[in-house]
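Visitor: Dropping a prediction and its sequence here:
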Amino acid sequence: MPFAWAVCVLTLILFAAFAAPNPQSVSEPQANLRVAPEQVLIWQLQGLTQEEIRDEVARRGLLQCADEALLNTLVVAGVDAETVRAVKQSKAPCSVWKLGLRLPRDSDYLYEITQATRWGDWDYALQLIQIEASKHPRNADVRLIYAHFLEMAEDWITAYGEASAVVELAPALPYAHALRSTICYHSRLAECAAREATVFLKMRPADAAAYIVLGHARELQGYDSEALLAYTEARKRNAKCAEPYAGIGRVYARAGEFEKALGALQEAVRLDNGQTAEYFVDLAEIYQAEGCLSEAISQWKKAREIEPERPQILLGLANAYLEAEHYSEAIAEYKKLMHSAPEVDVRAQLAMALRAAGRDEEASRLGQPAEGAPSQP
């Protein structure tokens with residue numbers, strides 16, 4: 001949220017402020033055009049690398065000085081300290097107080113959205129960007145950010161529609177094709193994922209993200225050797241990015257090379273600072289496949305700490321407890337899952353755990369689904 005200025009300073013700023021031009025509607029960095037500070041936030045939300053953002057800001061400068069509110073918003077959005085420093089020090093017209101002089105402008109909704117994401121209020125953030133998208137249906141930046149939030153909400157159909165609309169509005173926007181490929185990947189549409197990934201790679205042949213997206217598509221197609229090549233290339237281009245290592249780990253795991261898989265995934269966790277539940281899920285599944293149940297349970301727990309409501313994680317932990325013959329823990333986890341995700345039918349597993357714990361009568365009562373409860377096909 002913006003800082004509260006002293007009344008006198010605020011009054012002077014409001015009178016002295018000039019209305020800086022709106023951020024560019026074209027997200028792809030262009031030569032000979034100065035960068036609006038808010039454009040940095042848009043690039044961050046769209047997935048440009050920090051190196052690319054810093055290069056554009058340093059090379060082209062800013063339209064106006066970045067104020068403290070925007071710098072804090074960049075931090076909340078996950079921009080690294082080096083990028084924030086580059087934006088703060090970039091040459092641009094500033095006031096005598098070295099603050100950005102600015103009036104409210106169309107991009108201010110980004111502040112509120114980013115603050116909402118900081119507090120984990122994703123529903124409110126999605127609502128805000130949906131309103132902005134309806135106000136500016138021809139603004140490719142706004143609609144691409146909306147598509148990103150829809151993707152995070154796993155509303156794949158609506159997200160694909162928004163990403164497709166962005167492609168129509170700005171066909172030269174690489175990250176629209178990247179997002180459409182990612183949506184198809186999660187929707188298990190292999191041909192679509194591969195097609196859009198190929199377009200993205202042609203537009204951004206030096207971008208590590210392009211090879212990551214291609215790797216995802218090749219995994220979905222079942223072409224593990226090509227996926228491994230793509231992830232290896234991504235790692236060469238950005239050795240500090242976690243996802244190439246995770247992709248390499250998944251490929252090695254399917255090939256039965258578990259030591260290599262564990263090494264790659266552990267490196268992904270290290271680079272990611274343990275913030276992505278999926279990496280712990282991958283590790284848990286490898287340990288469980290190898291019979292290392294204690295370590296598998298540990299990894300499932302770490303994944304649950306990050307995403308405590310995700311049914312796949314809760315089910316994985318419960319199954320690991322059952323396999324390890326920790327029946328009381330398995331029973332507790334299955335019951336939690338039945339309460340939080342009734343669409344997942346775990347009655348068979350719960351009954352097995354109950355019988356193993358000597359609670360046959362309780363297990364027998366699970367024979368029929370509760371009235372109104374959905375069952376898993």
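Guide: Done, it's in. Just so it is clear, the model here is predicted, and its values are computed rather than measured.
Visitor: Quick one: classify residue 78 as helix, strand or coil.
Guide: At residue 78 the chain is in coil, as set by DSSP: H, G, I helix; E, B strand; the rest coil.
Visitor: The residue nearest to residue 220 when sequence neighbours are not counted and residue 91, how far apart?
Guide: Excluding the flanking residues, the one nearest residue 220 by Cβ to Cβ, 6 or more residues apart in numbering is residue 190, at 4.5 Å. All C-beta atoms are positioned from the backbone trio N, CA, C, and that covers glycine. The gap separating residue 190 from residue 91 is 47 Å, by Cβ to Cβ, to the nearest Å.
Visitor: what does residue 44 give?
Guide: Counting by Cβ to Cβ, the separation of residue 44 from residue 91 is 21 Å.
Visitor: the more surrounded of those two?
Guide: Ranked by neighbour count (other Cβ atoms under 10 Å), residue 44 and residue 91 place residue 44 first, with 21 against 12.
Visitor: residues contacting the more buried one?
Guide: Contacts for residue 44 (Cβ atoms under 8 Å, 6 or more residues apart in numbering) come out as 53, 74, 77, 78, 79.
Visitor: How about the backbone phi and psi for the last one?
Guide: Right, the one you point to is residue 79. With angles defined as degrees, to the nearest 10, residue 79 sits at phi -70, psi 140.
Visitor: Residue nearest the middle of the protein, spatially speaking?
Guide: residue 152 (6.4 Å; Cα atoms, centre = their mean).
Visitor: you'd agree that one is up against residue 125?
Guide: No - using Cβ atoms under 8 Å, residue 152 is not in contact with residue 125, being 9.1 Å away.
Visitor: moving C-terminal of the worst-scoring helix or strand of the chain on mean pLDDT, what's the next helix or strand?
Guide: When the helices and strands of the chain are scored by mean pLDDT, DSSP states H and E, helix 7-16 comes last with a mean of 27. Downstream of helix 7-16, the first helix or strand assigned by DSSP states H and E is helix 37-46.
Visitor: List of residues touching the helix or strand following that next one?
Guide: Next along the chain after helix 37-46, taking DSSP H and E as the criterion, comes helix 50-60. Applying Cβ under 8 Å, 6+ apart, the contact partners of helix 50-60 are 29, 31-35, 40, 43-44, 79-80, 82-83, 86-87, 90, 207, 238.
Visitor: For the stretch 201-350 of the chain, give me the ranges with low pLDDT.
Guide: Within the stretch 201-350 of the chain, no range satisfies pLDDT under 70.
Visitor: And residue 245, how far from residue 37?
Guide: Distance, residue 245 to residue 37, by Cβ to Cβ: 33 Å.
Visitor: ok, now residue 229?
Guide: Going from residue 229 to residue 37 by Cβ to Cβ gives 38 Å.
Visitor: rewinding a little: name all residues that make contact with the residue nearest to the centre of the chain.
Guide: Shown in contact with residue 152 (Cβ under 8 Å, 6+ apart): residue 122.
Visitor: Could you give me the buried positions within stretch 298-308?
Guide: Of the residues in stretch 298-308, 299, 300, 302, 303, 304, 306, 307 count as buried by neighbour count, 16 or more other Cβ atoms under 10 Å.
Visitor: Kindly report the same for stretch 109-123.
Guide: Residues of stretch 109-123 classed as buried: 109, 110, 111, 112, 113, 114, 115, 116, 117, 118 (neighbour count, 16+ other Cβ under 10 Å).
Visitor: on that earlier part again, go through the contacts of residue 44 and name the one nearest residue 214.
Guide: Taking Cβ to Cβ as the measure, residue 214 lies nearest residue 53 of these, at 22.2 Å.
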